[in-house]
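Asker: prediction below, plus the sequence it came from.
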Amino acid sequence: MHSELILGHSKRFLRLIEEVDRYASSAWPILLVGETGVGKDLIAQRIHARSPRSRHPFIPINCGALPGGLFESELFGYERGAFSGALQSQRGLVRAAQGGTLFLDEIGELELPLQVKLLRLLESHEIRSVGSHRIDRVDVRIIAATNRNLTEMVQQQTFRQDLLERLSVLPVEIPPLRERIEDLKTIATTLLERLGATLELDTLTPLKEYDWPGNVRQLKNVLIRAHVLGGTHIQSSLLRELIDREKNKTSASTLAESSTSRVTLADIERQVVLDRLKRCHGNRKKAAQELGIAKSTLHDKLRKWKLESPAQAWPLYREPQHPTLAQ
Ligand SMILES: Nc1ncnc2c1ncn2[C@@H]1O[C@H](COP(=O)(O)OP(=O)(O)O)[C@@H](O)[C@H]1O
Ligand SMILES: [Mg+2]
């Protein structure tokens, strides 16, 4: 399996890695919690690679990607004729992970009925294909990951407490990048070195001043963009400009989800208005209508944010000019 080098020297991060490495040798479920882009996938792969199961499959599953029925048959397999279109039986991803690790990514997105089925797997190591009566025993190690607050979801009754308890025997909290400035430095300099780029002495300053809601993934993208645009010698002014673009790109929903403690209602309002204007291609009348406010109210808001003229507002809701270099 492709395994990438995990970078980071901060005390907090080293302690975390030491902890997950110790977890690797056991077969108990692990729950990785952290914002998007902090390295949950990377850590899950590392745990598998260092576990006695490493010769067996590592099967990642995105729990948010498939609607309920499909998810169940993907996960547990199905018998021929279990539903229209089931021409051949399928053993499903859990059986495919036999002996290895099942990585349940975005576990917070799992619908309640599926949570019950997953609980059965965790409690008894047994599964049943859709449309079958036969029960099979499986040997899989479960690693789950989420960027949601599952305890809060339990209180809101959108996540089962018993499932949370089963999943989080070995909990790991991965701190956001802004809380590990040391790692930010290491990751940034190592990545730039690999790209063959050099830094201006003060280049790291703008990186340290931003709070990186998309964490390492976002940092990597910005640095790659800086390299493509700025060549081998990257100026801090270019980084500042790219970071400013990131600030304006962040949509209201990511704002609301990411650094909840820092975002104010006013930030979200501003972002919702700008997102809407962007969707309406700058047409204020239409945007105001869709937002359910008077056009004059929209004008007032834009004036308050000093964005009253289209020239001022446009760069803020312009598409990024460069493709996102997502992995
Ligand atoms: N500590 C790290 N060192 C090097 N690269 C990292 C580190 N953490 C994350 N990354 C990189 O950042 C990107 C996002 O990581 P990923 O594991 O997919 O995050 P998550 O699953 O938490 O959203 C990937 O390209 C990954 O390789
Ligand atoms: Mg991930």
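Answerer: Yep, it's here. Residues are numbered from 1 along each chain as shown. Ligands and ions are numbered 1, 2, ... in the order given.
Asker: could you pull out the strands for the stretch 151-300 of the chain?
Answerer: Listed from the start of the chain, the stretch 151-300 of the chain has strands (DSSP state E, counting those that start in this stretch) covering 170-173, 198-199, 233-234.
Asker: and the closest residue to ligand 2 within the stretch 101-250 of the chain, what are its phi and psi?
Answerer: Evaluated by C-beta to the ion, the stretch 101-250 of the chain has D105 as its residue closest to ligand 2, separated by 5.4 Å. The way it works is simple: take the backbone N, C-alpha and C, and place the C-beta from them, glycine included. As for D105, its main-chain torsions (degrees, to the nearest 10) stand at phi -90, psi 150.
Asker: that one against C63, yeah?
Answerer: Yes - assessed by C-beta atoms under 8 Å, D105 is found in contact with C63 at 6.5 Å.
Asker: can you tell if stretch 27-39 touches ligand 1?
Answerer: Yes - with C-beta under 6 Å from any ligand atom as the threshold, stretch 27-39 lies in contact with ligand 1, specifically through 34, 36-39.
Asker: how about that stretch: buried residues?
Answerer: Applying a neighbour-count criterion of 16 or more other C-beta atoms under 10 Å, the buried positions in stretch 27-39 are 29-39.
Asker: run the chain-centre distance for that stretch.
Answerer: Going by C-alpha atoms, centre = their mean, to the nearest Å, the spacing between the C-alpha centre of stretch 27-39 and its chain's C-alpha centre is 10 Å.
Asker: check stretch 284-299 too.
Answerer: Using C-alpha atoms, centre = their mean, the distance from the centre of stretch 284-299 to the centre of the chain it belongs to is 33 Å.
Asker: need the contact partners of it.
Answerer: Counting contacts by C-beta atoms under 8 Å, 6 or more residues apart in numbering, the residues outside stretch 284-299 that touch it are 272-273, 276-277, 279-280, 308.
Asker: same thing with stretch 121-132?
Answerer: Contacts made with stretch 121-132 from outside it, assessed by C-beta under 8 Å, 6+ apart, are listed as 29, 72-73, 76-79, 81-83, 86, 89-92, 94-95, 120, 134-140, 142, 163, 166-167.
Asker: run the last query once more with 10 Å
Answerer: When contacts are defined by C-beta atoms under 10 Å, 6 or more residues apart in numbering, stretch 121-132 is touched by residues 29, 69, 72-83, 86, 89-92, 94-95, 102, 117-118, 120, 134-140, 142, 144, 162-163, 165-167, 169.
Asker: now the buried members of those.
Answerer: When these are checked for burial by 16+ other C-beta under 10 Å, the buried set is 29, 72-79, 82, 89-90, 92, 94-95, 102, 118, 136, 138, 140, 142, 144, 163, 166-167.
Asker: of the contacts of stretch 284-299, buried ones?
Answerer: With burial judged by 16+ other C-beta under 10 Å, the buried subset of these is 272-273, 276-277, 280.
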